[in-house]
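**Q** need a structure here:
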Amino acid sequence: MNPICSRCEQVVYPTEKVNCLDKYWHKGCFSCEICKMTLNMKNYKGFGKKPYCNAHYPRTHFTAVADTPENRRLKEQSKIQSQVHYREDFEKNKGKGFSVVADTPEMQRIKKSQDQISNIKYHEDFDKKKTMGDLPPMQPSNASQAAYQQPAAAKNFNYDPVPEPVQAAAPPPSTGKRYRAVYDYVAADDDEVSFVDGDVIADVQQIDEGWMYGRVERTGSLGMLPSNYVEAI
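**A** Sure thing, here's the model as predicted:
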C-alpha cells in the first residue's frame, strides 16, 4: 500500500516519493515550512521532524544574565567551594602516587649485585653460543653478485637505450552492487546523475532509504540517484 504525503495528505507513488524525517513526501511537497521553497536531500535541515531551508532554520538563542551584586556573590561562593573541594581531594590523595626511594648504602649494594648478576648471565649466554660453533658465513645473493659483477666487454657510454613502452593499467573490475533503471530520471542537482530506462548502475552504495550513490555505465557519470527508480540485478 502506498503511503500518504505528510504535507498534502495525498497518496505518494514510488516515482515521486521522498522518504525523509521519518515521513513520506511528494517531491513538490518537500519544501520549507516558512518560505515553501522546494528542498532536496542535500539542502534541507530538519527540526522537529519538519524540513526547513538554511535561512529559516530555527536557531537557539542564549539568554544574557545581568551582572548584579547577588550574581557576583554566588559566583564567588561557587569559586570558594570549588577550591575547598580541590584541597580536600589533594589532601586525601596525597601520598598515593609514586614515592621517592632514598639512595641509601643498602640500595646501592642491591643495585650493584643486580648489575653483577646481569653481567654474569650475559657472559654465560655468550660462551654457550660460542661452544655451539660459529654460523656459516652468509653467501651474497644473486642480486648482489649481479650488482658487483664486472662486465667482460668495455662499456659503451654513447649508447642510448630505447625506452620500453609503458602499458596503461586496465581499470579495476566493478565490485559494487549493480542495479537497472526502471524509469527515466533527470538530475535536479549537480551531485545527481541522469539516466534512462534500462541503464545499468554499477558500484552502488546505499546512502539512506530514499537515495543511492553509483555510476551509470552508459555515460560513466557518478552521483546520487533515487532508489525507487532502479531495481537490483
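**Q** now Cys51: closest residue in space, sequence neighbours ignored.
**A** One correction, residue 51 is Pro, not Cys. Excluding the flanking residues, the one nearest Pro51 by C-beta to C-beta, 6 or more residues apart in numbering is Tyr44, at 4.6 Å. In this view, the C-beta of every residue, glycine as well, is placed from N, C-alpha and C.
**Q** test my guess that that neighbour contacts Lys50.
**A** No. Applying C-beta atoms under 8 Å as the test, Tyr44 and Lys50 come out as separate, 9.9 Å apart.
**Q** looking at the two, which is more packed in?
**A** Tyr44 (21 against 16; other C-beta atoms under 10 Å).
**Q** distance of the more buried one relative to Trp211?
**A** From Tyr44 across to Trp211, the span is 12 Å (C-beta to C-beta, to the nearest Å).
**Q** one more: Arg109?
**A** Relative to Trp211, and taking C-beta to C-beta, Arg109 is found at 76 Å.
**Q** more neighbours: those two, which one.
**A** Using other C-beta under 10 Å as the criterion, Arg109 and Trp211 rank with Trp211 on top: 19 against 10.
**Q** measure that one to Tyr86 for me?
**A** 52 Å.
**Q** wait, what's in contact with Thr38?
**A** Going by C-beta atoms under 8 Å, 6 or more residues apart in numbering, Thr38 touches 27-28, 30-31.
**Q** helix or strand next in line after the lowest-mean-pLDDT helix or strand in the chain, which one?
**A** Ranking every helix and strand in the chain by mean pLDDT, DSSP states H and E puts helix 142-148 at the bottom, with a mean of 50. Where DSSP states H and E defines the elements, the next helix or strand beyond helix 142-148 is strand 177-181.
**Q** return the list of strands paired to that next one, each annotated with direction.
**A** Note on strand 177-181: by DSSP bridges, its sheet partners are strand 200-206 (antiparallel), strand 230-232 (antiparallel).
**Q** now it, how far from the chain's geometric center?
**A** The chain centre lies 26 Å from the centre of strand 177-181; the measure is C-alpha atoms, centre = their mean, to the nearest Å.
**Q** from here on, call the first residue 25.
**A** Happy to do that; since the first residue is 25 now, the last one works out to strand 201-205.
**Q** now do the buried residues in that strand.
**A** By 16 or more other C-beta atoms under 10 Å, the buried positions in strand 201-205 come out as 203, 205.
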